[in-house]
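Undergrad: Fold the following, please.
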Amino acid sequence: MILDKISNQSLYSSIHSNFQQVFDFIKNNDLMNMELGKHIIDGEKVFVMLMEYTTQERLKCKCETHKKYIDIQYMIQGEEYIGLKTRHKEQASTPYNKEGDFMFYKLSKLPVLPLKEKHFAIFFPDDIHQTMIQIEEPKKLRKAVFKVLQ
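TA: Coordinates of the predicted model:
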């Protein structure tokens, strides 16, 4: 897992051949005013889901991993806590959903870090992550979740 501000994106472009497409998309588009939903960047290799939601109590938030895609989550407006840990021997509580590329876990008390405006988090397939967690109280946010094929 990587958590950093977008101004440091150049440090991470060389990790994966398609990461630069994500950072260019963030730089060259008005994400605040772009229509919510799925936007194709490079076919199924790189796409983004623009979403808005209200953060909630930690107990209501799901823990997940992916097999096929790396997540790059960029906070456009607002903030949330993200829970995270490296997957070791944890067993998924749901079967792998191939179409949605996710498995859920029933875990509690993951360490949390804040994901703030103009910051991003990169979640690799071994990163269990829990998003949507409120900071102090429920608040609305706008976020871009980029999916990068491994």
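Undergrad: got the contact list for residue 68?
TA: 101, 149-150 (C-beta atoms under 8 Å, 6 or more residues apart in numbering). Bear in mind the C-beta positions are built from the backbone N, C-alpha and C, glycine included.
Undergrad: should've said residue 131
TA: Residues counted as contacts of residue 131 (C-beta under 8 Å, 6+ apart) are 61, 73, 80, 82-83, 115.
Undergrad: Same check on residue 11?
TA: Taking C-beta under 8 Å, 6+ apart as the definition, contacts of residue 11 comprise residue 4.
Undergrad: Ramachandran coordinates for it?
TA: Per-residue torsions, residue 11: phi -70, psi -20 (degrees, to the nearest 10).
Undergrad: for residue 45, same thing?
TA: phi -80, psi -40.
Undergrad: How much space separates it from residue 82?
TA: Relative to residue 82, residue 45 is positioned 25 Å away (C-beta to C-beta, to the nearest Å).
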